[in-house]
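>>> Turn this into a model:
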Amino acid sequence: MLNSQQVLERIEEAQTTTPFCEECGMPTTISERDATLWLVCTSVAQPRSRIRSLLTLEFATLHTRRQVVELDRAA
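Numbering: from 1, shown residues only. Sure thing, here's the model as predicted:
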């Protein structure tokens, strides 16, 4: 089980280590999905239409997306 301080430390470490997407250079942000915090590229963190995703080939690129912490493990 992780306490609140450990969760904050993991978030800060993730943002400090990878402040920008390794693929496109856009800033990264913390996003929650399915009780997990992820470090993600801001260009793909925002919901987009399926057509826009296909046109920009978002599915084919390697934008930063890294698991930071599972919230069900946090206290």
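>>> There's contact between R65 and S43 in this structure, I believe.
No. Using CB atoms under 8 Å, R65 is not in contact with S43; the gap is 11.2 Å. Yep, even glycine has a C-beta here, placed from its N, CA and C like the rest.
>>> more neighbours, those two?
More neighbours surround S43 than the other of R65 and S43, with 19 against 15 (other CB atoms under 10 Å).
>>> nearest spatial neighbour of that one, skipping sequence neighbours?
Leaving aside its chain neighbours, S43 sits nearest to M26 (4.5 Å; criterion: CB to CB, 6 or more residues apart in numbering).
>>> Phi first, then psi, for the one you found.
phi -70, psi 160 (degrees, to the nearest 10).
>>> And it, how far from V44?
Distance from M26 to V44, counting by CB to CB, to the nearest Å: 9 Å.
>>> Now A35: closest residue in space, sequence neighbours ignored.
Closest residue to A35 apart from its sequence neighbours, by CB to CB, 6+ apart: L71 at 4.6 Å.
>>> Who has more neighbours out of M26 and V44?
Higher neighbour count among M26 and V44: V44, with 21 against 15, using other CB under 10 Å.
>>> looking at it, the more buried one is touching W38, isn't it?
No. Assessed by CB under 8 Å, V44 is found out of contact with W38, at 10.7 Å.
>>> residues shared between the contacts of these two?
Listed as contacting both V44 and W38 by CB atoms under 8 Å, 6 or more residues apart in numbering are R65.
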